[in-house]
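Asker: dropping a prediction and its sequence here:
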Protein chains: 2
Amino acid sequence: MSLPPLKSLQYFMHAAHLGSFKLAAEQLFVTQAAISQQIRALEAHLGCELFIRETRKVKLTRQGEQLLPHVLGAFSQFEAGIKALKQDPSPNTLNLSVLPSFAACWLLPKIDDFQKKHNDIKLRIDPSDQLVDFEQGEADLGIRFGQGNYQDLHSELLGGDQMLLVYKQGMLEENKPLKAQLFDHQLIMDVCPDAQRAWQLLFDELLIQPAQQPSFLEIDNAALVVQAVLSGQGIGMLRRRLIEPQLVHQQLHVWQGFELMCEYKYYLVGPEHHFSWPKVDAFKSWLQSHFCEFV
Amino acid sequence: MSLPPLKSLQYFMHAAHLGSFKLAAEQLFVTQAAISQQIRALEAHLGCELFIRETRKVKLTRQGEQLLPHVLGAFSQFEAGIKALKQDPSPNTLNLSVLPSFAACWLLPKIDDFQKKHNDIKLRIDPSDQLVDFEQGEADLGIRFGQGNYQDLHSELLGGDQMLLVYKQGMLEENKPLKAQLFDHQLIMDVCPDAQRAWQLLFDELLIQPAQQPSFLEIDNAALVVQAVLSGQGIGMLRRRLIEPQLVHQQLHVWQGFELMCEYKYYLVGPEHHFSWPKVDAFKSWLQSHFCEFV
DNA sequence: CCTATACTTTAGTTTTTCTTAATTATATGT
DNA sequence: ACATATAATTAAGAAAAACTAAAGTATAGG
């Protein structure tokens, strides 16, 4: 037995519920004619009339009354199925996809605070340079540093950052001019657009010609740059948020005459519907409160 | 929350059940590509993958597994609803729409036999010249005298009939020629094509010229013609089946030299699905057995 | 490594569905 | 009683959805 066109059943449901083709048409954003035709097609398919057409309204025939509950039930089952898909499959585990350097320098030092406040939520942190495939359930949420334009994903701005010239105690002398001191040290470049812009801006400010510019030790991971600067390997250009702990404990110093706002910002990223999950909301709030504290 | 295209859910159901797009395509009489596209559209709409594509087969993801039972349930509810429509709303009452003359002359004299054999089935006989609207549930079944071509309805041939020249005892004398006697009596015409044809044929056989032909008492109801002939009002041209009881009891006589097969026949008529109802089947069998007995 | 199989992709066609506009029917107000 | 307004219907063309055909991709199995 072949089913009637499914759309006609949907229209039937609305029209029956509202007792009017006109209202059903409005609710479904189509014309009256579309409803009329679909209902007629359904009636033709079933071989019986479903509505008694009165002048201002329509009402169900015995057959219509009989059919309606089934159709209602079927559609609500579709909805239930789809709703179930959007629900959190593991509400007690939060899978985070975070950039390795941000994870190492910012998130891990603070994460015990989140664990303390939400000890019912197990955390799994997946450090990765690329955004994972959320559809596969590989992660619940991502923290990204970028421009906020993430295909098909919801994103919420967490905050910006600044590029700072960072060195270890004793490497630079604050009273002497920077330009001269710069050439005495290895310069360490984090390979990222903002770092490159920052170095270039610094050279411009110090009137260092392109030809004179010193070469860099390039490291493709900000966390390692932090390590390198910490261990006295040279001078780095780093984001403030990545060296917060070291600034607080005065393990690193910032050259006071220079700073540059990053073009990129931090975003919390994930499929729209993930943001209604309690565990995600908890993490988002925690994250936001920590982003406010800007050293 | 908007539902996905319903057709894609249908395809999903088949593909999931068969574990193969190819087989689903065959089952649904479409190409593989159609299935692939619909599934893809569904996945896009839901924002998650439903199948893991392996080389020779596909299998459901966790989400697919979660969705399937709901979709299955919804579709079976549609089917249940539609099936319920085709069921007999009152299996203990048989509503018959019958031509008034056939009801009076043939059906009513025999109907007690049916009642006796099926005392669980209440009968309602609706004598009407026009076929009722079956869609409105006005009747379960109709008995018609015609050509069997009933729009959108199933019909089963019951049998034919003959037109006979009928008179009351003593009105005609079998030994004398008919032609002479005919002009001594009132002729009664049942207004129907077969009766008109029969009279015309009789006149032709008796070589009565159109100009000579006597005029008729026209009665637009065969049952009344029977009454008129019975009460000696004149000579009638009637269908054999309508005067069976009177022939058996010799209340009426048939002129032996004449008969004509009717062009019309008797049909049992109704919507296709009514014929699977037990009460209809019972009546059909009873009717057929009584149509075999042809006096 | 080749072949056969099953899914995917794309472009173009077919089918279905929808809209517009004219039509019918009837309840409601004048 | 008559005009008016509302709601459903119908028909024809327009738009959208679904499908096919054909070429592509990937991989299990000989």
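Answerer: In hand now; what should we look at? Numbers count the residues shown, from 1 in each chain, chains lettered A, B, ... in the order given.
Asker: quick check: residues of chain A near chain B?
Answerer: The interface of chain A toward chain B, taken as CB under 8 Å from any CB of the partner chain, is made up of A:1, A:3-4, A:6-7, A:9-10, A:46-49, A:61-63, A:66-67, A:69-71, A:73-75, A:77-85, A:89, A:135-137, A:152, A:271-273. In this view, the C-beta of every residue, glycine as well, is placed from N, C-alpha and C.
Asker: buried only: go through those for me.
Answerer: Among the residues of chain A next to chain B, the ones that count as buried by 16 or more other CB atoms under 10 Å in any protein chain shown are A:4, A:6-7, A:9-10, A:46-49, A:61, A:63, A:66-67, A:70-71, A:74-75, A:77-78, A:81-82, A:85, A:135, A:137, A:271, A:273.
Asker: among the residues of chain A next to chain B, which lie within helices?
Answerer: Assignment to helices by DSSP state H places the following of the residues of chain A next to chain B there: A:6-7, A:9-10, A:46, A:62-63, A:66-67, A:69-71, A:73-75, A:77-85.
Asker: pull out the buried positions in stretch A:230-242.
Answerer: Neighbour-count burial for stretch A:230-242 flags A:233-242 (criterion: 16+ other CB under 10 Å).
Asker: show me chain A divided up by domain.
Answerer: Domains of chain A are assigned by automatic domain parsing as A:6-85, A:93-160+A:264-292, A:162-261.
Asker: ok, which of the ones you listed comes nearest DNA strand C?
Answerer: In terms of CB to the nearest atom of the strand, the element of these nearest to DNA strand C is domain A:6-85, at 3.3 Å.
Asker: export the lowest-mean-pLDDT helix or strand in chain A as CSV, just CAs?
Answerer: Between all helices and strands in chain A, the lowest mean by mean pLDDT, DSSP states H and E belongs to helix A:178-182, at a mean of 78. Provided in CSV are the C-alpha atoms of helix A:178-182 (Å, rounded to 0.1, in the frame of the first residue of the first chain):
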residue,chain,number,x,y,z
LEU,A,178,65.7,49.2,22.6
LYS,A,179,67.1,49.4,19.1
ALA,A,180,70.7,48.9,20.2
GLN,A,181,69.9,46.0,22.6
LEU,A,182,67.7,44.2,20.1
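Asker: what segments of the stretch 1-150 of chain A are strands?
Answerer: Along the stretch 1-150 of chain A, the segments classed as strands by DSSP state E, counting those that start in this stretch run A:51-53, A:58-60, A:93-98, A:122-127, A:141-146.
Asker: could you dump these to JSON lines with mean neighbour count?
Answerer: As requested, those are exported to JSON lines (neighbours: other CB atoms under 10 Å in any protein chain shown):
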{"stretch": "strand A:51-53", "mean neighbour count": "15"}
{"stretch": "strand A:58-60", "mean neighbour count": "18"}
{"stretch": "strand A:93-98", "mean neighbour count": "20"}
{"stretch": "strand A:122-127", "mean neighbour count": "14"}
{"stretch": "strand A:141-146", "mean neighbour count": "21"}
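Asker: and the ones you listed as CSV, adding distance to DNA strand D and mean pLDDT?
Answerer: As requested, the strands of the stretch 1-150 of chain A are arranged in CSV below (distance: least, CB to the nearest atom of the strand, whole Å; pLDDT from 0 to 100):
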stretch, distance to DNA strand D, mean pLDDT
strand A:51-53, 4, 92
strand A:58-60, 5, 91
strand A:93-98, 24, 93
strand A:122-127, 23, 91
strand A:141-146, 26, 92
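Asker: now these in JSON lines, with distance to residue B:158?
Answerer: Converted to JSON lines, the strands of the stretch 1-150 of chain A look like this (distance: least, CB to CB, whole Å):
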{"stretch": "strand A:51-53", "distance to residue B:158": "34"}
{"stretch": "strand A:58-60", "distance to residue B:158": "36"}
{"stretch": "strand A:93-98", "distance to residue B:158": "74"}
{"stretch": "strand A:122-127", "distance to residue B:158": "78"}
{"stretch": "strand A:141-146", "distance to residue B:158": "75"}
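Asker: which of those strands sits closest to residue A:256?
Answerer: strand A:141-146 (24.8 Å; CB to CB).
Asker: now do the closest one: everything it contacts.
Answerer: A:94-99, A:102, A:107, A:131-132, A:134, A:150, A:155, A:158, A:161, A:264-270, A:274, A:280, A:283, A:287 (CB atoms under 8 Å, 6 or more residues apart in numbering or on different chains).
Asker: over to stretch A:236-255?
Answerer: Counting by CB under 8 Å, 6+ apart, A:101-102, A:105-106, A:109, A:161-169, A:171-172, A:174, A:178, A:187-190, A:194-195, A:198-199, A:202, A:222-223, A:225-226, A:228-230, A:262, A:266, A:294-295 sit against stretch A:236-255.
Asker: which of those residues fall in strands?
Answerer: A:162-168, A:187-190, A:266 (DSSP state E).
Asker: can you select the buried ones from these in ChimeraX?
Answerer: Buried residues among those (16+ other CB under 10 Å), as a ChimeraX selection:
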select /A:162,163,164,165,166,167,168,187,188,189,190,266
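Asker: can you lay out the ones in strands among the contacts of stretch A:236-255 as CSV showing distance to DNA strand C?
Answerer: Listed next are the ones in strands among the contacts of stretch A:236-255 as CSV, based on distance: CB to the nearest atom of the strand, whole Å:
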residue, distance to DNA strand C
A:162, 42
A:163, 40
A:164, 45
A:165, 47
A:166, 46
A:167, 50
A:168, 51
A:187, 45
A:188, 42
A:189, 39
A:190, 36
A:266, 32
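Asker: quick one: the residue of the stretch 101-250 of chain A found nearest chain B from residue B:243, how far?
Answerer: Nearest residue of the stretch 101-250 of chain A to chain B (CB to the nearest CB) works out as residue A:135 at 5.0 Å. According to CB to CB, to the nearest Å, residue A:135 and residue B:243 sit 81 Å apart.
Asker: please apply the same query to residue A:244.
Answerer: Residue A:244 sits 112 Å away from residue B:243, going by CB to CB.
Asker: higher neighbour count, the two?
Answerer: The neighbour comparison of residue A:244 against residue B:243 (other CB atoms under 10 Å in any protein chain shown) goes to residue B:243, with 25 against 19.
Asker: re earlier: among the buried residues of stretch A:230-242, which lie within helices?
Answerer: Among those, no member falls in helices (DSSP H).
Asker: any chance of these in JSON lines, plus distance to DNA strand D and pLDDT?
Answerer: As requested, those are exported to JSON lines (distance: CB to the nearest atom of the strand, whole Å; pLDDT from 0 to 100):
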{"residue": "A:233", "distance to DNA strand D": "43", "pLDDT": "88"}
{"residue": "A:234", "distance to DNA strand D": "44", "pLDDT": "86"}
{"residue": "A:235", "distance to DNA strand D": "46", "pLDDT": "90"}
{"residue": "A:236", "distance to DNA strand D": "41", "pLDDT": "90"}
{"residue": "A:237", "distance to DNA strand D": "40", "pLDDT": "90"}
{"residue": "A:238", "distance to DNA strand D": "40", "pLDDT": "90"}
{"residue": "A:239", "distance to DNA strand D": "38", "pLDDT": "92"}
{"residue": "A:240", "distance to DNA strand D": "43", "pLDDT": "92"}
{"residue": "A:241", "distance to DNA strand D": "40", "pLDDT": "92"}
{"residue": "A:242", "distance to DNA strand D": "38", "pLDDT": "91"}
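Asker: the residues you listed into CSV, with extra columns for distance to DNA strand C?
Answerer: Shown next, in CSV, are the buried residues of stretch A:230-242 (distance: CB to the nearest atom of the strand, whole Å):
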residue, distance to DNA strand C
A:233, 47
A:234, 47
A:235, 48
A:236, 43
A:237, 41
A:238, 41
A:239, 38
A:240, 42
A:241, 39
A:242, 38
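Asker: so which of those sit within strands?
Answerer: Using DSSP E, those in strands are A:235-239.
Asker: could you pull up the residues touching residue A:195?
Answerer: Counting by CB under 8 Å, 6+ apart, residue A:195 makes contact with A:163, A:189, A:237-238.
Asker: between those, which is nearest residue A:206?
Answerer: Nearest member of the contacts of residue A:195 to residue A:206, counting by CB to CB, is residue A:237, at 13.4 Å.
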